[in-house]
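S.K.: Need a 3D model of the sequence below.
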Amino acid sequence: MPAVTAGEEERITAIRLVVFLVAVAGVIPLTAQTHAEMLERAIFTEDTLGDLNGAIGMYESLVRTPSVPREVAALAQARLAAVVHRRTMASAAAPASSRPFANFGSTAPAQSAERTTPTTAESLEQVNARLDQLARGECCGRFSENYQGLPVTVSGTVTQMAWTNPLSVVFVKDRDGNNWGFTMAAPNSMLLGGMNKNSVKPGEEVLVYGYRATGTGQGCPQGLPTSCATLGNGALHASASTIVSDDGQGRTIFDRAAAERLEAERLLEQQRALQLKVQQGL
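M.R.: Okay, the predicted model is just below:
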């Protein structure tokens, strides 16, 4: 066999290095971010982008990775089971009247299951739209260009907590027997703020400060988000700005301003990352 020259040896070494880097390239994205960040990204993909299939892949990756912290894996497993169920229900295309909370929740998930993963430009457009919405304050006190909310203060008993997209809703029966549906934030935003679906329990006495919707258009009632004065189940529709316990302690349960600050911070980070990808042509 002929002897290998110094130049050829350097070239072979370089080729081996390239092969090695290609082989481990699939590992780099996983190690470049913490498992908690991956979980947050998966929740954003499911709740904000509406990409159920993409979210399922991320949850499955977290569940199958041995090094994932137990609490992160447990939440990923719970989210995985829920999103798989959502996709199954969407595929079945059940009539609206047979679904839980029919006509007050968004119908978008049934359509999103059929979509492909959005492009970087589309994701950036969605993030920009949400940031613009937060800046205009449409969620609290202003339901649309035509309908302003009326300030309300309601004291009553929680009857149900609906942990749904695009907005979670807490149902409250007031002292006069009226049923209210107070919209809060999206589930992923509430999770980032330290809340979960058990933060408000049926039977709990609460004091809610918010704004009542006043819309009475021909399309009312309709799915969220909406300016309609009532929801599909007949509850009076309002947006909650603050919810506190009405047990003498005044414990803060929900603070919209704080939740939106956290959401805006997270969206700004995602906006910068997406803008960079767009500039790079990714």
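S.K.: so S168 touches A185, yeah?
M.R.: Yes: the pair S168 / A185 is scored as a contact, 6.6 Å apart, by CB atoms under 8 Å. From N, CA and C alone the C-beta is placed, and that goes for glycine too.
S.K.: how many other residues sit next to L39?
M.R.: 22 (other CB atoms under 10 Å).
S.K.: Outside of the helix or strand hosting it itself, which residues are in contact with it?
M.R.: For L39, the enclosing helix or strand under DSSP states H and E is helix 35-47. Helix 35-47 is contacted from outside by 30, 33, 51-52, 54-55, 58-59, 61-62, 65, 67-69, 72, 75-76, 79, 83, 165, 186-188, 191-192, 266, 270, using CB atoms under 8 Å, 6 or more residues apart in numbering.
S.K.: From those, keep the buried residues only.
M.R.: 51-52, 54-55, 58-59, 62, 68, 72, 75-76, 79, 83, 165, 186-188, 191-192, 266, 270 (16 or more other CB atoms under 10 Å).
S.K.: can you confirm G54 is in a helix?
M.R.: Yes: assigned with DSSP: H, G, I helix; E, B strand; the rest coil, G54 falls within a helix.
S.K.: And it, how close does it get to R175?
M.R.: 46 Å (CB to CB, to the nearest Å).
S.K.: same thing with T45?
M.R.: 42 Å.
S.K.: Repeat that for L52.
M.R.: Taking CB to CB, one finds L52 at 41 Å from R175.
S.K.: same deal with P151?
M.R.: Distance from P151 to R175, counting by CB to CB: 18 Å.
S.K.: What of Q160?
M.R.: 18 Å.
S.K.: ok, now A36?
M.R.: 42 Å.
S.K.: The two: which has the busier surroundings?
M.R.: Set A36 next to R175 and count neighbours by other CB under 10 Å: A36 wins out with 14 against 9.
S.K.: which sections of the protein are below the confidence cut-off?
M.R.: Residue ranges of the chain with pLDDT under 70: 1-33, 71, 74, 78, 81-116, 136-148.
S.K.: Can you list the residue ranges for strands in it?
M.R.: 150-162, 169-174, 179-183, 205-212, 236-245, 252-255 (DSSP state E).
S.K.: show me where this structure has helices.
M.R.: 6-24, 28-31, 35-47, 52-64, 70-92, 108-112, 120-136, 187-192, 256-279 (DSSP state H).
S.K.: in the third one, what's buried?
M.R.: Using 16+ other CB under 10 Å as the burial criterion, the residues of helix 35-47 that qualify are H35, M38, L39, E40, A42, I43, F44, T45, E46, D47.
S.K.: ok, A121 - contacts?
M.R.: Contacts of A121 (CB under 8 Å, 6+ apart): V278.
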